[in-house]
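Colleague: Build me a model:
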Amino acid sequence: MNLFDPISGTPVILTVDDDTTTRQMIRRNLRTEGYKIIEASTGDQCLELYPQVKPDIILLDAIMPKMDGFECCRQLRVLIENPFVSPVLMITGLDDETSVDRAFSAGAADFVTKPIHWPVLLQRVKRLIQQCRLYQELEAANQELARLAREDSLTGTANRRYMNEYLEKEWERSTNNQQSLGAILCDIDFFKSYNDVYGHLAGDFCLQQVSEAMQGCLQAHKHLLARYGGEEFVILLPEINAVDIVKVAEAVRSTVNDLEIPHKLSAISHHITLSFGAAVMIAQADKSPLALLAAADQALYQAKSAGRNQVVFANT
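Modeller: Numbers count the residues shown, from 1 in each chain. Coordinates of the predicted model:
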């Protein structure tokens, strides 16, 4: 159970001290500020609780039996890695430079000394929580920017730029591992006519329906679906053979057919259909990954020439 409340945004503080009275005083003072307090009495208990609690900050007593606060802090920083996540505020009765140095060397973000001056503690807790929240907001904004940079805004699939980057990386990885890489290029048949009859808003909705159906046929963790341009999509499939890539393409083709999206100007059907070109290559350092796309594109051309609504595999 994650004790952080994402709805109210109530800051969660994990306080670690072997002294019951000190924990009670910390709890009483911090609760008046609206914080949620989770308590641990040992370093081991702190390390056990952390993955469940994932607090905004940790108040950690330096002097405890068995595992002291310095060692607990070191293990926490290894566990958390990011110094801006769950910063540690060390509480120590040792007001000397050596102890302060030890606290910072262990990964503490700040410290206060005992006896605790409560206004100072509250101010430092507030500052660390603000820093933690600002970092979280920045991380969320960066992740959203990264998503927008790699995603096609209409269909939610990968965009062409991200597909090119992914293709280069997968080609290099496949080359190093002497593995195959497959590509499927597919095109919505007579899509220009569809837009002419039903309008571009309907065309956009059609693209969304088709891409969603295609994605449902793929393994999200392994296959990449990208909008290649207009009504054309590409699927990249690492470690695949000729038989399986044709099976994937046929599954996608059948699924889109089953949508039965009306298309009265289609020359081959009463509903939306797709044509597919598939290719598989063993990645090699002296070849370009663009050769894979070119082979799939040639197969797609053959599928269109042969009547559309079918899969053609390129013999490479």
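Colleague: quick one, helices of the stretch 1-150 of the chain?
Modeller: Counting by DSSP state H, counting those that start in this stretch, the segments of the stretch 1-150 of the chain that form helices are 20-31, 43-53, 69-80, 97-106, 118-150.
Colleague: For the nearest residue to Glu151 once chain neighbours are set aside, which residues are in contact?
Modeller: Residue nearest to Glu151 in three dimensions, not counting chain neighbours: Asn159, with 6.1 Å by Cβ to Cβ, 6 or more residues apart in numbering. Heads up, the C-betas are built off the backbone N, CA and C, glycines and all. With contacts taken as Cβ atoms under 8 Å, 6 or more residues apart in numbering, Asn159 has the following neighbours: Arg150, Glu151, Asp152, Ala226, Arg227.
Colleague: So which of those is surrounded by the most neighbours?
Modeller: Ala226 (25 neighbours; other Cβ atoms under 10 Å).
Colleague: any idea how far that one is from Leu167?
Modeller: Using Cβ to Cβ, to the nearest Å, we find Ala226 at a distance of 9 Å from Leu167.
Colleague: Overlap in contacts, those two.
Modeller: When contacts are counted by Cβ under 8 Å, 6+ apart, the set common to Ala226 and Leu167 consists of Leu236.
Colleague: Quick check: which helices or strands does the helix-or-strand element of the chain with minimal mean pLDDT pack against?
Modeller: Every helix and strand of the chain was ranked by mean pLDDT, DSSP states H and E. The lowest is helix 97-106, at a mean of 86. Contacting helix 97-106 under the criterion 3 or more Cβ pairs under 8 Å, 6 or more residues apart in numbering; DSSP states H and E are the following elements: helix 69-80, strand 88-92, strand 110-113.
Colleague: and those, which is most packed in?
Modeller: With neighbours defined by mean count of other Cβ atoms under 10 Å, none of the helices and strands packed on helix 97-106 is more surrounded on average than strand 88-92, at a mean of 24.
Colleague: partners of it in the sheet?
Modeller: Partners of strand 88-92 in the sheet, by DSSP bridges, are strand 57-61 (parallel), strand 110-113 (parallel).
Colleague: quick one: it to helix 43-53, angle?
Modeller: Relative orientation of strand 88-92 with respect to helix 43-53: 150 degrees, computed using axes from the mean of the first three to the mean of the last three Cα atoms, to 10 degrees.
Colleague: what does strand 88-92 rub up against?
Modeller: For strand 88-92, the external contacting residues (Cβ under 8 Å, 6+ apart) are 17, 57-63, 69, 73, 76-77, 99-100, 103, 106-114, 116, 121, 124-125, 128.
Colleague: Same question for stretch 128-148.
Modeller: The contact list for stretch 128-148, computed with Cβ under 8 Å, 6+ apart, reads Pro11, Asp56, Ile57, Phe84, Val85, Ser86, Pro87, Leu89, Ala109, Asp110.
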